[in-house]
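S.K.: no sequence on this one, just coordinates:
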Ligand code: ATP
């Protein structure tokens, strides 16, 4: 393999830059010319490529976001869009592609691979909903941002005797809510995976109030049946909470833009480098990730069909520890 390209796709995740840097420098160290594709699959279709040297990826390991840019590209869902992307790649003499991204991005990678083009995926999304890696690039940073916010909110909630419903990201996956809720000592956690009736939640918060706690922190996953504001509205309309004043706070994109933690820089570096090594060695059509603490490769067709469950022990512990 003489020419290898790398792209980032879907939602940006802190640590993507570390993965780009590691993939580029590992490829170069194997004597392969490295290329960056700008703006994800849109850039692939437009032929937005640039050759990358070691210095082009200097001083990026500490930065959030992605220096290659990312995009959501509807055209890549179509066969014609992907054919055009393939023509662009082949026209530039590129013989392999590393796709750094989450579920959707790996589905696109699998589609490209099934058309006969060598692709390797890198597990990267703050949602941690990707099958084939226990942990994905960006999760640790997003968790730490959420945790910092929860800690701060708890202080002000205590001063004012409030119940605060804190909404965290994660799309349809409750991983961020579950783990930040446990680490932040939340009184309750609302997840998409577990049905929670608003009446039940209100009763629980009321119970916390009656036990004399100066605050109640409820961490709500954005993909739950009721989001944080939806729950507040429900409580108001049904006159469900007395005692605490209650408010919702949506953390939103602040969780995505932070500088990567040490763990995400190391994970990005490990996976980015492994992706370059795998594709150069001829192991293609796989996702590189971490399984039980070790580097793993999982076929992309298995990745896109698989569903990753929430960690069972933490799910049980959430109930037990909120007292
Ligand atoms: P995150 O969940 O962290 O935002 P993601 O990779 O899941 O990341 P998506 O927006 O779902 O983000 O997907 C990114 C891009 O991947 C899409 O804009 C599209 O170009 C491509 N993609 C998604 N699904 C498919 C599919 N079924 N076939 C081909 N391409 C796809």
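M.R.: Nice, I can see it. Every value quoted in this text rests on a predicted model; they were computed, and no experiment measured them.
S.K.: Which parts of stretch 292-312 count as buried, going by neighbours?
M.R.: Judged by neighbour count (16 or more other C-beta atoms under 10 Å), stretch 292-312 contains these buried residues: 296, 297, 298, 300, 303, 304, 308, 310. (C-beta placed from N, C-alpha, C; glycine too.)
S.K.: closest to residue 31 among those residues?
M.R.: Of all the buried residues of stretch 292-312, the one sitting nearest residue 31 is residue 297; the distance, using C-beta to C-beta, is 22.5 Å.
S.K.: right, and the closest one touches residue 288 too?
M.R.: Yes - counting by C-beta atoms under 8 Å, residue 297 touches residue 288, with 5.7 Å between them.
S.K.: what residues are shared contacts of those two?
M.R.: residue 278 (C-beta atoms under 8 Å, 6 or more residues apart in numbering).
S.K.: Name the residues of the longest helix anywhere in the chain that come out as buried.
M.R.: With DSSP state H applied, the helix covering the greatest number of residues in the chain is identified as helix 139-160. For helix 139-160, the neighbour count (16+ other C-beta under 10 Å) marks 139-147, 149-150, 153-154, 157 as buried.
S.K.: Please name whichever of the residues you listed scores lowest on pLDDT.
M.R.: On pLDDT alone, residue 157 ranks lowest of those, at 92.
S.K.: What is the neighbour count of the spatially closest residue to that residue that is not a sequence neighbour?
M.R.: Using C-beta to C-beta, 6 or more residues apart in numbering and skipping the chain neighbours, the partner closest in space to residue 157 is residue 215 (3.6 Å). Applying other C-beta atoms under 10 Å, we find 20 residues neighbouring residue 215.
S.K.: my guess is residue 215 meets residue 162, correct?
M.R.: Yes - between residue 215 and residue 162 a contact is recorded at 6.3 Å, counting by C-beta under 8 Å.
S.K.: Find residues that contact each of the two.
M.R.: Once C-beta under 8 Å, 6+ apart is applied, the residues that residue 215 and residue 162 both contact turn out to be residue 244.
S.K.: Please list the residues of the stretch 151-300 of the chain that sit near the ligand.
M.R.: residue 171 (C-beta under 6 Å from any ligand atom).
S.K.: Show the low-confidence segments of the stretch 151-300 of the chain, by residue range.
M.R.: Counting by pLDDT under 70, the stretch 151-300 of the chain contains no low-confidence residues.
S.K.: Which single residue of it approaches the ligand most closely?
M.R.: Ranking the residues of the stretch 151-300 of the chain by distance to the ligand (C-beta to the nearest ligand atom) places residue 171 first, at 5.9 Å.
S.K.: ok, now the stretch 201-323 of the chain?
M.R.: residue 304 (7.9 Å).
S.K.: before we move on, what about the stretch 101-250 of the chain?
M.R.: When you check the stretch 101-250 of the chain against the ligand by C-beta to the nearest ligand atom, the closest residue turns out to be residue 104, at 2.1 Å.
S.K.: Identify the residue nearest that residue in space, chain neighbours excluded?
M.R.: Taking C-beta to C-beta, 6+ apart as the measure, residue 104 lies nearest to residue 10, with 5.4 Å between them; neighbours along the chain are not counted.
S.K.: Repeat that for residue 7.
M.R.: residue 37 (3.8 Å).
S.K.: Beta-bridge partners for that neighbour, please?
M.R.: For residue 37, the residues forming beta bridges with it (DSSP bridges) are residue 49.
S.K.: and the residue of the stretch 201-323 of the chain closest to the ligand, how far is that from residue 52?
M.R.: Separation of residue 304 from residue 52 (C-beta to C-beta, to the nearest Å): 28 Å.
S.K.: Could you do residue 8 as well?
M.R.: Computed as C-beta to C-beta, the residue 8 to residue 52 distance reads 13 Å.
S.K.: Also residue 187?
M.R.: Distance from residue 187 to residue 52, by C-beta to C-beta: 48 Å.
S.K.: cool, residue 206 as well?
M.R.: Here residue 206 is placed at a distance of 57 Å from residue 52 (C-beta to C-beta).
S.K.: Give me the buried stretch members for the helix or strand where residue 23 lies, please.
M.R.: With secondary structure defined by DSSP states H and E, residue 23 is part of helix 16-29. Within helix 16-29, the residues that count as buried by 16+ other C-beta under 10 Å are 16-28.
S.K.: and of these, the nearest to residue 229?
M.R.: Of all those, the one with the least separation from residue 229 (C-beta to C-beta) is residue 16, at 30.1 Å.
S.K.: picking up where we left off before, let's see the pLDDT reported for the residue nearest to residue 104.
M.R.: Residue 10 is assigned a pLDDT of 94 by the prediction.
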